[in-house]
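**Q** generate coordinates for the sequence data below:
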Amino acid sequence: MPEPEHPAYDPLQPGEGEVIAPTGQGGPMDLALEEAESLEKPLGDTPSGPGEKARSLWSDAWYQLRRNPVFIVSSLLILFLVVISIWPQLIASGDPLHCELSKSQQGASPGHPFGYDTQGCDVYTRTVYGARASITVGICATLGAALLGSLLGGLAGFFGGWGDSLLSRVADIFFGIPVVLGGLVFLSVVTSTTVWPVVGFIVLLGWPQIARIARGSVITAKQNDYVQAARALGAGNGRMMLRHVAPNAVAPVIVVATIALGTYIALEATLSFLGVGLRPPTVSWGIDISNAASQIRNAPHMLLYPAGALSITVLAFIMLGDAVRDALDPKLR
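**A** Numbers count the residues shown, from 1 in each chain. Model (predicted):
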């Protein structure tokens, strides 16, 4: 009778009742044991297992922002500016319109650390209260330009056709208007002393930039596979626009609008400095800088503090926009 065939002996396969112990020499037997032990571990022990919830773009961006010192510093500074613009009485108890000519251009004194301006007004109080007008103009103009530009640019990019061509040509016309010259012409005929004419002018010249960014972002987003799949399944234009295109196209608009906010605050101060922006009795950093420009040699403190507050505010918003851009754009990581 032929003898039964026995399988070849494999040193890595233990027989019945046998246990293979590691040799400690780093050979193939130890490598096989390590692989077997790793396979026996449950999948839930690893942080990247299939049970872990995937992070979205916004959650990943927030994760990056919380660890960015530029974002933290700029956010705290902007929060402080917003608070004092709403409640300036928290750090300034005086009246910004109360002036004493006998104290004209005097330097710092107890209770008045920034000194007095030409009219004898407290520079510290006017600097604190000046944040209200600048922050109001910046936020309102940014919201208006972002909403109008996103709506027009998004619709033009999604539907295309003659509407897209018309929007592009209108935007080119507005891009050709010099901002300062347009402000001098437009605001010189306005007699209102409120912030709304300035806000309206900035929105009028600011929406084309947002519209161009929104248009390009929507064109890129609507070419993705999930949008084409939704269209093939019978989804309407409204559903595709709101559920699939807009959430994936809004990130560049947020970045541009955040950076533009600081630019709009500087533009308001420039127009007020030229005498066509905000006007007295409104308290504005641009008005104070304009009044102090002629006295820079005799009383430099009149120019130093409002100009410094304006520079810090613009820098804070630009830093915030840069941090948001780095977090929302994966290509920059």
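
**Q** any weak-confidence spans in the stretch 201-333 of the chain?
**A** 330-333 (pLDDT under 70).

**Q** that one: helices as residue ranges?
**A** According to DSSP state H, counting those that start in this stretch, the stretch 201-333 of the chain carries its helices in the segments 225-232, 237-239, 246-273, 285-293, 301-328.

**Q** reformat these as a markdown table; add distance to Trp207 and mean neighbour count.
**A** No exception for glycine: its C-beta is placed from N, CA and C like everyone else's. As requested, the helices of the stretch 201-333 of the chain are exported to a markdown table (distance: least, C-beta to C-beta, whole Å; neighbours: other C-beta atoms under 10 Å):
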| stretch | distance to Trp207 | mean neighbour count |
| --- | --- | --- |
| helix 225-232 | 25 | 13 |
| helix 237-239 | 23 | 11 |
| helix 246-273 | 11 | 22 |
| helix 285-293 | 23 | 23 |
| helix 301-328 | 18 | 20 |
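
**Q** in JSON lines, list those along with distance to Asp95.
**A** JSON lines is the format used below for the helices of the stretch 201-333 of the chain (distance: least, C-beta to C-beta, whole Å):
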{"stretch": "helix 225-232", "distance to Asp95": "57"}
{"stretch": "helix 237-239", "distance to Asp95": "53"}
{"stretch": "helix 246-273", "distance to Asp95": "20"}
{"stretch": "helix 285-293", "distance to Asp95": "15"}
{"stretch": "helix 301-328", "distance to Asp95": "17"}
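
**Q** nearest approach to Arg126 belongs to which of these?
**A** helix 285-293 (5.8 Å; C-beta to C-beta).

**Q** that closest one vs helix 246-273, what angle?
**A** 30 degrees (axes from the mean of the first three to the mean of the last three C-alpha atoms, to 10 degrees).

**Q** quick one: work out the angle between helix 285-293 and helix 301-328.
**A** Using the same axes, to 10 degrees, helix 285-293 lies at 140 degrees relative to helix 301-328.
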